[in-house]
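>>> Any chance you can model this:
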Amino acid sequence: MSAHDCSPDCPIARRAFLRDVGAFTAALVATGLAPSAALGAATPIRALSRERAEVRYPIPAKDGVRFDDENEVIVVRNVGKVYAFALSCPHQNTALKADPAGTGFYCTKHESRYRWDGQFVSGRATRNMDRLKIRRDGNAIVVDVDTWYESDSEPAPWAAAVITL
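Sure thing, here's the model as predicted:
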């Protein structure tokens, strides 16, 4: 039985939902129907490899937002910087989405909004998005999906969790 075979009242499995959203977004981008945004439409990204907790991605060639549903990572390139974020909102772990207005991210559960660099703007959340530990390795970025930083309790590592290109 797949996650979509349950009654209309049951919740859809999170990974299945995120996979479907990623496929839908990719289809919109491919057909040219995606909404325009400051960083372009959010697109799916696949890891080059994963060894234990470290996931490798190509360095994004241009500014934009990429979602890796399988590893629950958001990769953002914006104005010469690359960030990796946990996919879930720090308020109640709902999957974040790219804001159609092109201003950053938003959480559908409680309307929290964030800038592209993960800084909190408004809503019920009380802190910035969680940044994942990130480093550059040649032409790739390496994200440690088991190490994340919360801006309120770890401000220095949170601020340093960025690659400047």
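>>> CA only for contacts and neighbour counts going forward, please
OK.
>>> Show me the strands in this structure, by range?
Remark: strands assigned in the chain by DSSP state E are 43-44, 49-51, 54-58, 64-68, 73-78, 81-86, 96-98, 105-107, 113-114, 120-122, 131-137, 140-149, 163-164.
>>> Dump these into CSV; add distance to A156 and mean neighbour count as well.
Output for the strands of the chain, formatted as CSV (distance: least, CA to CA, whole Å; neighbours: other CA atoms under 10 Å):
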stretch, distance to A156, mean neighbour count
strand 43-44, 29, 20
strand 49-51, 27, 11
strand 54-58, 21, 19
strand 64-68, 24, 23
strand 73-78, 20, 24
strand 81-86, 15, 24
strand 96-98, 24, 23
strand 105-107, 22, 25
strand 113-114, 19, 26
strand 120-122, 17, 17
strand 131-137, 12, 21
strand 140-149, 9, 20
strand 163-164, 14, 14
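>>> what about stretch 128-139, how long is it end to end?
From the first residue to the last, stretch 128-139 extends over 28 Å; the measure is CA to CA, to the nearest Å.
>>> hang on, E54 packs against V143?
Yes: applying CA atoms under 8 Å, one finds E54 in contact with V143, separated by 5.5 Å.
>>> List the beta-bridge partners for the spatially closest residue to P60 that is not a sequence neighbour.
Nearest residue to P60, sequence neighbours excluded (CA to CA, 6 or more residues apart in numbering): R77, at 6.5 Å. With DSSP bridges as the criterion, R77 is bridged to G64, V82.
>>> Could you list the low-confidence segments of this structure?
1-38, 40 (pLDDT under 70).
>>> returning to what we had before: so which of the strands of the chain gets nearest P157?
Nearest of the strands of the chain to P157, taken as CA to CA: strand 140-149 at 6.5 Å.
>>> Since that was my last question, I'll sign off now.
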